[in-house]
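Participant: what follows is a predicted protein model with its sequence.
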Amino acid sequence: MAEVSLSVLLDPSSFAYVVGIDIGSEDCCFTVLTPQKQVVIKPTKLANAASGFALLQERMARLGVDPGQIVVGLEATSRYGENLFHFLQQQGYHLCLLHPRQTHEFAKQRGLRAKTDRLDATTIARVLLSGEARAGYVPNEQIASYRELVRLHTQLSDELAWDKNEIQALLVVLFPEFSQVFADPCRLTATTVLQAYPSAKAIREAGVDAIAAVLRTSAPRNYGQQTARRLVQLAEHSVSSDLALEARSLSLKIWCEQLQHTLAHLAQIEEEMGKRLSRDPGAKGLQEVPEFGTKTVAVLRAELGDVARFQRLDQVVAYAGMDIEIKQSGKWQGQAKLSKRGSGLVRRMLYMAAMRCTCLPGSAFGAYYHRLLARGLGKKTALMAVMRKMLVIAAYLLRTGEDYDPTKVAAGPAG
């Protein structure tokens, strides 16, 4: 899909017709207006499928003008509009992807209280005619692939934390003494044992030899007869209530299996991200930053996209929601805080990277953080400044393609 600049306002007077399309998972609704706001085609429903696309193309062909003379506005609605966007792009129509917030604010200004597909299609068309419509960014193949990978990785990472919490919660009632042998009951060897014998009673009845056999299959060099004997001894004196034993044992087996599947899928995604980054010359500078891991670099590539569309670096800061939002009215002065617009994933990864750098020996960002503390800034404020600095340097490296130079971290204004 094409990339559209964020900085260019759409001029509706240069087109013969304006089309607004409200997109749903199964149906779409479109309407056609002239630049003078006259309705040419009333809001009409069509299927979000090949048959609907053909109907839309046939109705627009009746307008009798070249597709390049028609501007089509679509609202960014997850993946629902991707196929239609691609179809219209191939036909040669001028496309404008609108942020939902832009159309929502426009509807509020018009005083619209109702919200229907027909009204939304008309609102989208009128946003284009207002002369204030800004075309949204549509990622290319490379950026779209990064986004798919990092968002799936983030979702699975969250599921991984949930899996671990469930395993630990079940062990509290099934075999609370298990952690005396395995400090981390979610490691591979521990979950292998729990899949085979998911309770104190099961371990007690299995005996030392059976437990030792399981341990030898997963970690023959680290665990064996002694560990098995210790587990059985603890199981014999366990305080487990054995309440709902069969159901809870099944639950623990399933959670352990789920955990191992999730870990395998995360490893698969990380391998794919590593391959893509190794073939991506644009990510070379980011990978040279020691504070950035593979996931952080991939997230920055995915969420920032083509940084050439930003005219200034402070626009990158605002895009990531790292700009300061100030509210003031008369004598009342609100608290200054981050706007937190845009991708929360970028802020999340930068926060973790900034936290790591504060105690990382030789880190240029860590030294920058401690200099800010020495100047009297609070820890939270200094950490936010480090995050902004990381973001600005990442955008600079992506824009210029230069190698990372840690001596330039402290150059320029703080954050």
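Facilitator: Alright, I've got the coordinates. Keep in mind that what you see is a predicted model, and the values were worked out from it rather than measured.
Participant: just the helices from the stretch 101-250 of the chain, written as ranges.
Facilitator: In the stretch 101-250 of the chain, helices defined by DSSP state H, counting those that start in this stretch lie at 117-129, 141-174, 188-196, 200-206, 208-218, 225-236, 245-278, listed in chain order.
Participant: how far does stretch 316-333 sit from the chain's center?
Facilitator: 24 Å (Cα atoms, centre = their mean, to the nearest Å).
Participant: of all the residues in that stretch, which ones are buried?
Facilitator: Under the neighbour-count criterion of 16 or more other Cβ atoms under 10 Å, stretch 316-333 has 316-323 buried. C-beta coordinates here come from the backbone N, C-alpha and C atoms, glycine included.
Participant: quick one, the helix or strand harbouring residue 88 and helix 141-174 angle?
Facilitator: Element membership of residue 88, judged by DSSP states H and E, is helix 82-91. Calculated by axes from the mean of the first three to the mean of the last three Cα atoms, to 10 degrees, helix 82-91 forms an angle of 170 degrees with helix 141-174.
Participant: show me what helix 82-91 is packed up against.
Facilitator: helix 50-61, strand 70-75, strand 94-98 (3 or more Cβ pairs under 8 Å, 6 or more residues apart in numbering; DSSP states H and E).
Participant: how about these in CSV, adding mean neighbour count, mean pLDDT and distance to residue 229?
Facilitator: What follows is those, written out as CSV (neighbours: other Cβ atoms under 10 Å; pLDDT from 0 to 100; distance: least, Cβ to Cβ, whole Å):
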stretch, mean neighbour count, mean pLDDT, distance to residue 229
helix 50-61, 15, 94, 66
strand 70-75, 25, 92, 64
strand 94-98, 21, 90, 65
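Participant: nearest to residue 15 among those would be which one?
Facilitator: In terms of Cβ to Cβ, the element of the helices and strands packed on helix 82-91 nearest to residue 15 is strand 70-75, at 4.5 Å.
Participant: who are the packing partners of the closest one?
Facilitator: strand 17-23, helix 82-91, strand 94-98, helix 117-129.
Participant: switch to 6 Å and redo it
Facilitator: Here strand 70-75 touches strand 17-23, strand 94-98, going by 3 or more Cβ pairs under 6 Å, 6 or more residues apart in numbering; DSSP states H and E.
Participant: as JSON lines, those strands with distance to residue 217 would be great.
Facilitator: Output for the helices and strands packed on strand 70-75, formatted as JSON lines (distance: least, Cβ to Cβ, whole Å):
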{"stretch": "strand 17-23", "distance to residue 217": "52"}
{"stretch": "strand 94-98", "distance to residue 217": "53"}
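Participant: looking at those, which is closest to residue 202?
Facilitator: Once the helices and strands packed on strand 70-75 are compared by Cβ to Cβ, strand 17-23 is nearest, at 52.7 Å.
Participant: looking at this protein, which helix or strand does the model trust least?
Facilitator: Least confident helix or strand of the chain, by mean pLDDT, DSSP states H and E, is strand 328-329 with a mean of 70.
Participant: could I get the helices of the stretch 101-250 of the chain as CSV with mean neighbour count?
Facilitator: Output for the helices of the stretch 101-250 of the chain, formatted as CSV (neighbours: other Cβ atoms under 10 Å):
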stretch, mean neighbour count
helix 117-129, 22
helix 141-174, 17
helix 188-196, 21
helix 200-206, 20
helix 208-218, 17
helix 225-236, 18
helix 245-278, 16
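Participant: report the distance from the strand of greatest length in the chain to the chain centre.
Facilitator: As assigned by DSSP state E, the longest strand anywhere in the chain is strand 39-47. Offset of strand 39-47 from its chain centre (Cα atoms, centre = their mean): 34 Å.
Participant: surely residue 200 and residue 234 touch.
Facilitator: No: look at residue 200 against residue 234 with Cβ atoms under 6 Å: they stay out of range, at 7.5 Å.
Participant: tell me the pLDDT of residue 104.
Facilitator: For residue 104, the pLDDT comes out at 83.
Participant: the residue positioned nearest the centre of the chain and residue 372, how far apart?
Facilitator: Centrality entry for the chain: nearest residue to the mean C-alpha point is residue 151, 4.1 Å, by Cα atoms, centre = their mean. Using Cβ to Cβ, to the nearest Å, residue 151 is found at 32 Å from residue 372.
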